[in-house]
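1. pasted the sequence and its predicted model underneath.
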Protein chains: 2
Amino acid sequence: MTDYRTLRVALLGAGAVGSQVADLLLKHGDELADRAGAKLELAGIAVRNLDAKRDVDLPQELFTTDADTLIVGSDIVIELMGGIEPARTQVLHAIASGADVVTANKALLATHGSEVFEAADQVGAEVYYEAAAAGAIPIIRPLRDSLAGDRVVRIMGIVNGTTNYILDRMDTEGADFADVLAQAQALGYAEADPTADVEGYDAAQKAAILASLAFHTTVPLDAVHREGITSVDAAMIESARHAGYVIKLLAVCERLAAEDGGTESISVRVYPALVERTHPLASVHGANNAVFVQAEAAGDLMFYGAGAGGVQTASAVLGDVVSAARRHIAGGVGVGESTRANLPAVPIGRVITRYQITLEVDDQPGVLATVAGILSEGRVSIATVEQTVIEATPDAGDSGAATGSATGAGSARLVIGTHKAREQDLSETVERLAASGVVERVVSVLRVEGN
Amino acid sequence: MTDYRTLRVALLGAGAVGSQVADLLLKHGDELADRAGAKLELAGIAVRNLDAKRDVDLPQELFTTDADTLIVGSDIVIELMGGIEPARTQVLHAIASGADVVTANKALLATHGSEVFEAADQVGAEVYYEAAAAGAIPIIRPLRDSLAGDRVVRIMGIVNGTTNYILDRMDTEGADFADVLAQAQALGYAEADPTADVEGYDAAQKAAILASLAFHTTVPLDAVHREGITSVDAAMIESARHAGYVIKLLAVCERLAAEDGGTESISVRVYPALVERTHPLASVHGANNAVFVQAEAAGDLMFYGAGAGGVQTASAVLGDVVSAARRHIAGGVGVGESTRANLPAVPIGRVITRYQITLEVDDQPGVLATVAGILSEGRVSIATVEQTVIEATPDAGDSGAATGSATGAGSARLVIGTHKAREQDLSETVERLAASGVVERVVSVLRVEGN
C-alpha cells in the first residue's frame, strides 16, 4: 500500500445522496486513495438532527450538529444539504477556510453561483458540481473541458427524472397526468409536493447551470423561461403520437446569431415540447435523463444516464472529490475557466422554433382559408395541416378527440404544423385565431424542438 | 480584450484532423483565449511534404518540414501524424523539451502508452488524448475524472465508425458485406485498404485505451482479443433480426470478480456480437459511435456522437489544447492519476457470456436430444431453441435461409440461445457438435452482449 498524504473531508448533509457518499468513502477508501493519490479521511458528517434515520448504517461518532467547527481545517467540504440557507453560508465559510467545495446544490448555484465562484476565485479554491446538473451523468466536465475548444450551439436536455417518468408513463399507457403523478408519488419518483418538478423549477435551475457552462457566460435564473407539464393531458400525448412526436419536458439552451451588428445572444427555456420519435431524446424512458449537445465542430453528442437517485448521484460527487484531492496533491491553483462572455439572454418572445397548433373550428367551407389567412398575416408559415371532423360523442373518452366545446355536428379539428416562427408572432397570431369567429377553441399550442 | 499571456502551440501533421485544428485555432483565437486564459499562438505546422494538398486553406508560412526545431520552445505540441514512428520519437522529444502533448494517436498510445506516460510523469508534463478513443465523444474525462470515485464494471463500445456504417447498411438493406464495403469505400467511409477497420485492429486499440482508463490499470494491446466483421453475412444479420437482435462490432471491457481468493481480473475483447434491439446501443446508426458504461454506483451511462471526421475530431483536440493551456497558466504540475492497479487480463477462453449457435442438422427424430445432450455435457445450458425445416431450393436467394450443404429433404436449422457459459466450454462443445454425426454444418456462433 502506497504511503499517501491524508486529506480531511467534511460532509454536510446525510440525506439520500449524503449517506451514500459517506458509505462509499468508507467502503472504497483504498481504491479511492489510489485514484486520488491521497487518503481521503471522512472527518465528520454535519446534520441537523443526530437521531434522524439514515438510508445507510454509518458510524455514529462521525455525526455532529456543529458544521462550522467541522469545516475549519478540512481540505474538501462536500455540501449535500440542498436549499439556499444554511448551504450558502457554509459553502462560503468552507471557501474562506481554504477548502475546496464539492456540491450537488443546483438551487444554490443557479441563484448564488456568481457569489460562490467569485469567492472561490479570490482565494484560489475550486468549486466542483458535477452532480448538480444531471445526477450521475458526466456533463459538467465535457462542457467545461472537452468542448472548451468548440462552440456549443444548442443543448436540449431531459434533466428532470420525475417529469420524464410521468410523461413516459402517460405516453405508454395513455393515462392522465393526475393518475400518473399519484403513481409516481406512491413509488417515490415524485415528492409529496411535486411543484419543483412538475412546474419546471428544478429543470430551470439545471438549464441555467448548463447554459452558463456551455456558452461560458452568466445566466441568472430569472432569465430562464419556464413552463411545467401540468397542462399536458392524454389527448395532447395521443395527438403528438399521431403526428410522429413524443412530448418531453426539455431544457433548451440556444446560441442566437448576432443581429444588426449587435452581439450574439442566448435563449434558455424549459417547456414541454414535441420531439420526433426518431430523435435520440425520444427513446429516453422512465426517470432517466439525457443531454443532447450540438456543437459547431463536434456535431451531435448525447450524454445519457440516471438523473437522480442517491447512489447514482453519489458517483458524481465522489468523482468531484477525487478531482479536488488530485488538485490538492498537485498543489495547483484553479484550473477553471477564465473570462466569461456576457451574452444577453433574450425573452421568450424572440425565440424562433416550430409549433404545432391544435384548433377546434366550425366545419364550414372557407374556414381553413380564414385560418390560413390569419397565420399568413401573422408571419407564421404553415408546413402541414390535418383536418378531422369531430364526431358528436355524448361521453368524453380518452380517445384523444377533444370533446370540450364540440357542438356535435359542425365541428372539425385542425392540427397545424408550422415552419419556424418567432414566438411573439406566433402567440399574437394564436390570440387573433382565438378571437376570430371561426375558431371555437384553441386546444393546444406546443413547440417542436430537435431540427 | 484581456491581456493574456501567449502560449506557443506546435502542430505536427496537417491531414484531415490537423488542418481543421489549425483552421479553428486561427479562426477562433479570441474565443479560445477567453476559455483558456491564454493566447494560443500557432507557431508552426510540421509536415512531410510542403506541397501536399490540404483540406483547408492555411497560411503557407506556417508550414515546415523541421518538426524538431518547431517542437523546441513550444508550450503545447499537438501530434496528429498518426502511426508509431516518427510520432513516438517526436512526442518523447516534446515531453523532454518541457511541452504538454495533445494527441489523437490511438496506435501510439495502445502500443507505447506506458513509455509515453512515464516520460511525461518524470518531467511533470501532461499527455491529453480525448480524440484517441471515440473521436468527438467526450469519454476520456468522464472515465478519468467523473467516474474516478466509482467502480466501472463494464464498457460496451461501438468505437469504429466504418464497421458500424457497414453493419448498419447490411441490417437496413439486407445487403452483403462485400457490396456495402465497396459502397463505403466509394463514399469515403472506408479506406482503400479496410483491414484496420474491418478486422477490428482500430477498435482493439481503442478498447485497450478505454480499459486502461476505466479500470485504472495497464492493458497491453496483445491482451485484447480481436475478431473482425468479415465473416458476418446477410443470413446472419437476418437471423439476428428474427431473434430480436442486431449485430454490432463491440469493444467489451469487463471487470471480473476475484476467484478462489485471487485478485480481480479484466477481459478486453473486440468482436461482432448480438445486441438486443431495445438496447440503447442498437439505435446507434451510420458511422456514429457510442460508449455504454456500467458503473457500480452510477448505473448505466451512454456517451454518443461522431466517432471520426476531421472537424469533429478537431473539437476533441482543441478541448485538450484548452485544458493544457489552463494547466500551464495555473502553473500546476500533473493532475492525472496516480498509482495504477495491475489487473491481469484473462484470455478469451475464460470469458463468460451468452451465445447464439446456429446449426444445420439432419431432420430426424432424436437429433435435438443428441444436440441437447452434447451441450449439457459441455456445461452449456440452453435458454431457447428454434427449429425450422430447410426447404430444398435450387437457387440460393438472400432470404436468410442457409442453402450451403442442405441436402434437400432431411435438413433442419437449429438456432440455440444459451444461458451464460464459459467461452472455453462453449468452443469445445461446438467442436463436439461439429464432429457429431447429426450436425451437418455449424452455420455461426455469435456472442450475445448487453445483459
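-> Noted; the coordinates are in hand.
2. who touches stretch A:104-120?
-> Counting by C-beta atoms under 8 Å, 6 or more residues apart in numbering or on different chains, stretch A:104-120 makes contact with A:17, A:79-84, A:87-88, A:91-92, A:95-96, A:101, A:103, A:125-127, A:129, A:131-133, A:202, A:204-206, A:208-209, A:212, A:218, A:221, A:313, A:316-317, A:334, all of which sit outside it. The way it works is simple: take the backbone N, C-alpha and C, and place the C-beta from them, glycine included.
3. just the buried residues from those, in PyMOL please.
-> Buried members of the contacts of stretch A:104-120, defined by 16 or more other C-beta atoms under 10 Å in any protein chain shown, are picked up in PyMOL with:
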select buried, chain A and resi 17+79+80+81+82+87+88+91+92+95+101+103+125+126+127+129+131+132+133+202+204+205+206+208+209+212+218+221+313+316+317+334
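4. so which of the contacts of stretch A:104-120 sit within helices?
-> The helices, defined by DSSP state H, take in A:17, A:87-88, A:91-92, A:95-96, A:131-133, A:202, A:204-206, A:208-209, A:212, A:313, A:316-317 from the contacts of stretch A:104-120.
5. give me the subset of these that also touch chain B.
-> Near chain B, judged by C-beta under 8 Å from any C-beta of the partner chain, the entries from the ones in helices among the contacts of stretch A:104-120 are A:Ala316, A:Val317.
6. in stretch A:443-451, which residues are buried?
-> Neighbour-count burial for stretch A:443-451 [16+ other C-beta under 10 Å]: A:Val443, A:Ser444, A:Val445, A:Leu446, A:Arg447, A:Val448, A:Glu449, A:Gly450.
7. contacts only, for the second one.
-> So the one you mean is A:Ser444. By C-beta under 8 Å, 6+ apart, A:Ser444 lies in contact with A:Met236, A:Ser239, A:Gln356, A:Ile357, A:Thr358.
8. got the confidence number for A:Thr403?
-> A:Thr403 is assigned 41 on the pLDDT scale.
9. then A:Thr2?
-> For A:Thr2, pLDDT reads 67.
10. which residue in the buried residues of stretch A:443-451 has the weakest pLDDT?
-> Lowest pLDDT of the buried residues of stretch A:443-451: A:Gly450, 83.
11. surely that one meets A:Val275?
-> Yes: between A:Gly450 and A:Val275 there is a contact at 5.1 Å, judged by C-beta atoms under 8 Å.
12. overlap in contacts of the two?
-> A:Met156, A:Leu281.
13. stretch A:181-199 vs chain B: in contact?
-> No: judged by C-beta under 8 Å from any C-beta, stretch A:181-199 makes no contact with chain B; its nearest approach is 15.3 Å.
14. could you give me the buried positions within that stretch?
-> Buried residues in stretch A:181-199 (16+ other C-beta under 10 Å): A:Leu181, A:Gln183, A:Ala184, A:Tyr189, A:Ala190, A:Pro194, A:Ala196, A:Asp197, A:Val198, A:Glu199.
15. mind checking how far the third one is from chain B?
-> It refers to A:Ala184. 19 Å (C-beta to the nearest C-beta, to the nearest Å).
16. need the contact list for that residue.
-> A:Thr162, A:Tyr165, A:Ile166, A:Arg169, A:Ala190, A:Pro194.
17. helix or strand for the third one, which one?
-> A:Ile166 belongs to helix A:161-173 when assigned by DSSP states H and E.
18. next, the angle helix A:161-173 makes with the helix or strand following that helix.
-> Going down the chain from helix A:161-173, the next helix or strand is helix A:177-187, by DSSP H and E. Relative orientation of helix A:177-187 versus helix A:161-173 (axes from the mean of the first three to the mean of the last three C-alpha atoms, to 10 degrees): 120 degrees.
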